[in-house]
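K.L.:
Sharing a model prediction with you, sequence too.
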Amino acid sequence: MQDISEINDIAKQAKTELEQIRDANALEEFRIKYLGKKGAFTQAKSSIGKLPPEQRPTAGKVINKAASEIEQAFKEKQKQFAQPKSAKQLADVTLPGVYPPMGRVHVITQTINELSEIFSRMGFEFIDAPEVEDEWHNFQALNIPLEHPARDPLDNFYISDNILLRSQTSTAQIRIMEQRKPPIRVVHCGRVYRPDTIDATHHMMFHQIESLYVDKGVTMIDLKSTIEQFAKAYFGSDVRTRLRSSYFPFTEPSAEVDMTCMICHGKGCNSCSGGWLELGGCGMVDPNVLEAVGYDPQEVSGFAFGLGIERMVMRRHQIKDIRLFFENDVRFLSQF
Ligand code: FA5
């Protein structure tokens, strides 16, 4: 070493090289080159004695400082390439435990579980049904004829000519009626698919709950009281429901189910329509549907309803945007 500036150059070079190191072998080569017995810093230290006496104290300080900085940076890098400890080394029972972050059941699944409990208490059986359907179950059997606009390929997710992702859980009505004879009292929850434009209240994939009750002498009163009981059990005893006349091809008469707004309690506010919010559709099973599955409409009658599950959860928790359910943001999901 000729003078102190040389040590600064070595330190700078060492830093640059260290930053570029990507594996343990290169790190070892670095150690030998700079920090080993014959390394640049060791040699610089031993050549202090060759400097003029007045420069030696300053040179010693500069070398020690640079060497210790590089040593520190070297140790940090070493940690990156450290081999994992053996199971024996890790088995120190005196160490505090490390808890993995806990997952949780998605709020929609939680809701489906809750709906299952509510409807079980009311005597309904939970059933399963496929999401990939044929046109018979999604349309024809539900009294939706070939020329009906609801069958437009642009309004559905067709997989092939006759097969599509179901657009409504009403398919479950047909599935169960084909398998069983009345009395039938069932509920089905699941995903449905529609190429709707996504916004705060619409999604292309969402969940519905479908209910079907077929027996001798089932009337609109059974329908109305079942919906009312369910709404009170899920939303709270102060909630009221109403049926508003409507049209669905598979029910006659048909109605929209409305519930009182949970913000203004039916008085009317800017979150609802005159104190009411739509929950879904319902009606008495159309005789054509009963005939399609081989039932005699003179002998039995039934009611059915289908409600949007995301919209229900949004009402209950005052969630403003349906997209939150599907974005997997744990800050949202961990609240439920
Ligand atoms: C139906 O799907 C009928 N199958 C309901 C029915 C069942 C009527 C049995 C009669 C008898 P509708 O298309 O209105 O009806 O959908 C029902 C509910 O699903 C709506 O009220 C709404 O809550 C929800 N829904 C509809 N489209 C969307 C969407 N794009 N995103 C989120 N929820 C939706």
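P.N.:
Nice, I can see it.
K.L.:
Is residue 271 in contact with residue 314, as I believe?
P.N.:
No: between residue 271 and residue 314 there is no contact, the gap being 10.4 Å when judged by CB atoms under 8 Å. In this view, the C-beta of every residue, glycine as well, is placed from N, C-alpha and C.
K.L.:
Mind checking which of these two has more residues around it?
P.N.:
Remark: of residue 271 and residue 314, residue 314 carries more neighbours, 19 against 13, as counted by other CB atoms under 10 Å.
K.L.:
Skip the chain neighbours and tell me the closest residue to the more buried one.
P.N.:
Excluding the flanking residues, the one nearest residue 314 by CB to CB, 6 or more residues apart in numbering is residue 322, at 6.6 Å.
K.L.:
again, but for residue 242
P.N.:
residue 258 (5.0 Å).
K.L.:
what about residue 33, neighbour count?
P.N.:
15.
K.L.:
Equivalent analysis for the one 3 residues further on, please.
P.N.:
Here the count is done by other CB under 10 Å, and residue 36 has 15 residues near it.
K.L.:
Please apply the same query to residue 9.
P.N.:
Using other CB under 10 Å, residue 9 has 9 neighbouring residues.
K.L.:
just checking, what packs against whichever helix or strand residue 77 is part of?
P.N.:
For residue 77, the host element (DSSP states H and E) is helix 56-80. Applying 3 or more CB pairs under 8 Å, 6 or more residues apart in numbering; DSSP states H and E, one finds that helix 56-80 contacts helix 4-20, helix 24-30, helix 40-46.
K.L.:
Please identify which of those is closest to the ligand.
P.N.:
helix 4-20 (52.0 Å; CB to the nearest ligand atom).
K.L.:
Can you list the buried residues in that closest one?
P.N.:
6, 7, 10, 11, 14, 18 (16 or more other CB atoms under 10 Å).
K.L.:
What's the mean pLDDT across the helix holding residue 77?
P.N.:
Taken as a whole, helix 56-80 has an average pLDDT of 90.
K.L.:
Could you number the chain from 36 rather than 1 from now on?
P.N.:
From this message on, residue numbering opens at 36, which makes the last subject helix 91-115.
K.L.:
That helix to helix 39-55, inter-axis angle?
P.N.:
On the basis of axes from the mean of the first three to the mean of the last three CA atoms, to 10 degrees, helix 91-115 is oriented at 0 degrees to helix 39-55.
K.L.:
any residues touching helix 91-115, and which ones?
P.N.:
36, 39, 42-43, 45-46, 49-50, 53, 56, 62, 65-66, 69-70, 76, 79-80, 83-84, 86 (CB atoms under 8 Å, 6 or more residues apart in numbering).
K.L.:
List the buried residues of it.
P.N.:
94, 97, 98, 101, 102, 105, 109, 112.
K.L.:
same check, this time on stretch 307-317
P.N.:
Neighbour-count burial for stretch 307-317 [16+ other CB under 10 Å]: 307, 310, 311, 312, 313, 314, 315, 316, 317.
K.L.:
Repeat that for stretch 175-192.
P.N.:
Buried, per 16+ other CB under 10 Å, within stretch 175-192: 175, 176, 177, 178, 179, 186, 191, 192.
K.L.:
Strands - which of those land there?
P.N.:
Assigned to strands by DSSP state E, the following of those qualify: residue 192.
K.L.:
Restricting to the buried residues of helix 39-55, which residues neighbour the ligand?
P.N.:
Contacts with the ligand within the buried residues of helix 39-55, counted by CB under 6 Å from any ligand atom: none were found.
K.L.:
So what sits opposite the residue in the stretch 236-371 of the chain positioned nearest to the ligand in the bridge?
P.N.:
Going by CB to the nearest ligand atom, the ligand is nearest to residue 343 of the stretch 236-371 of the chain, at 2.3 Å. Beta-bridge partners for residue 343, by DSSP bridges, are residue 243.
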